[in-house]
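[1] what follows is a predicted protein model with its sequence.
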2 protein chains.
Amino acid sequence: MVLKNQVEWALHCCSMLAGLPQGKYLAAKDLAEFHGVPKEYLGKALQRLSAAGLVESTLGPAGGYRLAKPVAAITFLDIVEAVEGRRVTFACTEIRMNSPCRVGKRGTGKPCSIAQAMYDADEAWRSHLRSLTVESMLAGAQLPKEQVDATKRWVEQRLK
Amino acid sequence: MVLKNQVEWALHCCSMLAGLPQGKYLAAKDLAEFHGVPKEYLGKALQRLSAAGLVESTLGPAGGYRLAKPVAAITFLDIVEAVEGRRVTFACTEIRMNSPCRVGKRGTGKPCSIAQAMYDADEAWRSHLRSLTVESMLAGAQLPKEQVDATKRWVEQRLK
DNA sequence: GAATTAATACTCGGATATACACTGTCCGAGTTCATCGGG
DNA sequence: CCCGATGAACTCGGACAGTGTATATCCGAGTATTAATTC
């Protein structure tokens, strides 16, 4: 039960896109190079972000990605769900129904207390992720000024 | 990012073992039959519960499993971690270190703000699971009396 | 009838097989921009 | 100098391979109970 690597990549990419000058795009190739991850596989994650409406892309030589919403409007949960999917972390297979002692043939429609507990825990996890945004992500990052400036220069060379 | 089926099985099995008369054992074979799951694979889950000290077993013809602690002392988290493992749901691969703009060659030792956020969310999930016990599981189960009695009879026939 | 031995039933652990998801790569189609050539 | 044609760079989507995990099964070793045997 571990999230895919793409989730980590997507979060870091959103952090990077948040630092772009207004309206500019950064290519997937550059995002991949900067983070040292395979370009084409990172592309899959970016495509999912795009499908979820968190990021927008442009084709062509000056193409690339940029955030589609203000940084305060994109939550961690948005990004995680876009990449990882929306399936609940607990899959109830209703083994109650296999019991030789069950009374009816059909379920009650309500989840059993075990499934409900797991769903609640899942919701606690999602709720925490929902409370964090890309904005808070930037606020929490405490990098040395030297590195921030170097990154800014690196990005500016590749902006389209 | 979905928990294994064994987690669901293990939770239901603990619920069942909690209803046993004091000191009695119920065989894995019976637990598997009752829940309609493969006996040998369920055995793996029970072995993990046993290794975690949540359940104890006896060999031989009268062998089987029973809870090793009072129902109030076994949490959902205990069971989930016993079966699923203790790995955190977010695996940080430190892609910060791949950046061409990083200042030092070695990490700071502290997780970045993104990893920290994911760890906090993971802890929120675990914290919720930690607050629930087998005792609360039984209290929350609202089965028809008819089924409870039928199950009790079914179990008594197989007790050793 | 009591003690010892053999048989049985069960747990436990290891080895193995299969299905599926994750990871990663490759290629073609379509789109946009830059460049080049003709008027 | 302007306009259209050509080429280049990029995104997007699908197809495919390798790896690891989840799922499931099988078998042998060890142990406790039960049955059988012996005295």
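    Received, thanks.
[2] C-alpha only now, for contacts and for neighbours.
    Fine.
[3] select the longest helix from chain A.
    Ordering each helix of chain A by length in residues (DSSP state H) puts helix A:113-130 first.
[4] ok, that one near chain B or not?
    Yes: judged by Cα under 8 Å from any Cα of the partner chain, helix A:113-130 and chain B are in contact via A:113-114, A:117-118, A:120-122, A:124-126, A:128-129.
[5] biggest separation within those residues, which pair?
    Set against one another by Cα to Cα, the residues of helix A:113-130 next to chain B have their most distant pair in A:Ser113 and A:Leu129, with a gap of 24.5 Å.
[6] more crowded one of those two?
    For A:Ser113 versus A:Leu129, neighbours defined as other Cα atoms under 10 Å in any protein chain shown are more numerous around A:Leu129 (22 against 16).
[7] which ones are touching that one?
    Applying Cα atoms under 8 Å, 6 or more residues apart in numbering or on different chains, one finds that A:Leu129 lies in contact with A:75-77, B:117-118, B:121.
[8] DNA strand D contacts on chain A?
    Within chain A, the positions lying close to DNA strand D (Cα under 7 Å from any atom of the strand) are A:1, A:26-29, A:40, A:43, A:46-47, A:50, A:56-65.
[9] A:Leu59 and A:Cys92: what is the separation?
    Note on A:Leu59: its distance to A:Cys92, by Cα to Cα, to the nearest Å, is 42 Å.
[10] so for the two, which sits in the more crowded spot?
    Neighbours were tallied for A:Leu59 and for A:Cys92 using other Cα under 10 Å; the higher tally belongs to A:Cys92 (20 against 9).
[11] measure the closest residue to the more buried one other than its chain neighbours to B:Phe76 for me?
    Of all residues beyond its chain neighbours, the one nearest A:Cys92 is A:Ala115 (6.2 Å), with distances taken as Cα to Cα, 6 or more residues apart in numbering or on different chains. Counting by Cα to Cα, the separation of A:Ala115 from B:Phe76 is 11 Å.
[12] between those two, who's got more neighbours?
    In this view A:Ala115 and B:Phe76 are compared by other Cα under 10 Å, and B:Phe76 has more residues nearby, 24 against 19.
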